[in-house]
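Trainee: The following comprises the amino acid sequence and a computationally predicted model.
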Amino acid sequence: MAAKVGGKGGGKFDLGQNADMNVTPFVDVMLVLLIIFMVSIPAATVSIRLDLPPAIPPPPGTKVKEPILINIQRGGVVFIGEQPTNLDNITRDLSAALTKDDPTLPPTEQRVYIRADRDVIYGDFMSVMNILQGNGFYQVALINEEL
């Protein structure tokens, strides 16, 4: 660090006025705050306690219900399960598939899974989501596949 010892003009021992701001106290306060945050943040994240229910597998021999999957492919091609559909008929076809799978629940109260290819345009994905939500399908889950 540098310090200004002599001022402009005046005598040999005249220091003059120094108009530069002294940032040393500011830096000291910032370092103290940084140390306080570095010490307190890990304690806050470690002390969170979660009580999760235990994972109980289904009994042996129980048939697990396969979810209804909406697959969106490049170019806006939409499939419900293995059956192709389009945006005009997606809610009718989805309701038929959900009713066939579980006739006791209304189709809009069942969970629907959506998987989109990597090359799908975001607008195509959002148009499917908007149609589903506009027709009362609010339990929508997105499927992510690792590379």
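Mentor: Yep, that arrived.

Trainee: which stretches of this structure have low pLDDT?
Mentor: The chain contains residues with pLDDT under 70 at 1-14, 43-48, 50, 146-147.

Trainee: try it again with 90
Mentor: By pLDDT under 90, the weakly predicted segments of the chain are 1-23, 37-68, 74-76, 81-82, 87, 97-111, 117-120, 139, 141-147.

Trainee: Helices of that one, residue ranges please.
Mentor: When assigned using DSSP state H, the helices of the chain occupy the ranges 24-46, 90-101, 122-134.

Trainee: Can I get the longest one in CSV, CA atoms only?
Mentor: Coordinates of each C-alpha in helix 24-46 appear next as CSV, following Å, rounded to 0.1, in the frame of the first residue of the first chain:
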residue,chain,number,x,y,z
THR,A,24,-8.8,0.6,5.3
PRO,A,25,-11.7,0.6,7.8
PHE,A,26,-14.1,-0.4,5.0
VAL,A,27,-11.9,-3.4,4.0
ASP,A,28,-11.6,-4.4,7.7
VAL,A,29,-15.4,-4.4,8.2
MET,A,30,-15.9,-6.3,4.9
LEU,A,31,-13.4,-9.0,6.0
VAL,A,32,-15.1,-9.4,9.4
LEU,A,33,-18.5,-9.8,7.7
LEU,A,34,-17.0,-12.3,5.2
ILE,A,35,-15.6,-14.4,8.1
ILE,A,36,-19.0,-14.2,10.0
PHE,A,37,-20.9,-15.4,6.9
MET,A,38,-18.3,-18.2,6.2
VAL,A,39,-18.7,-19.5,9.7
SER,A,40,-22.5,-19.2,10.0
ILE,A,41,-23.7,-20.5,6.6
PRO,A,42,-22.4,-24.1,6.9
ALA,A,43,-24.0,-24.4,10.4
ALA,A,44,-27.4,-23.3,8.9
THR,A,45,-27.3,-25.8,6.1
VAL,A,46,-26.2,-28.8,8.2
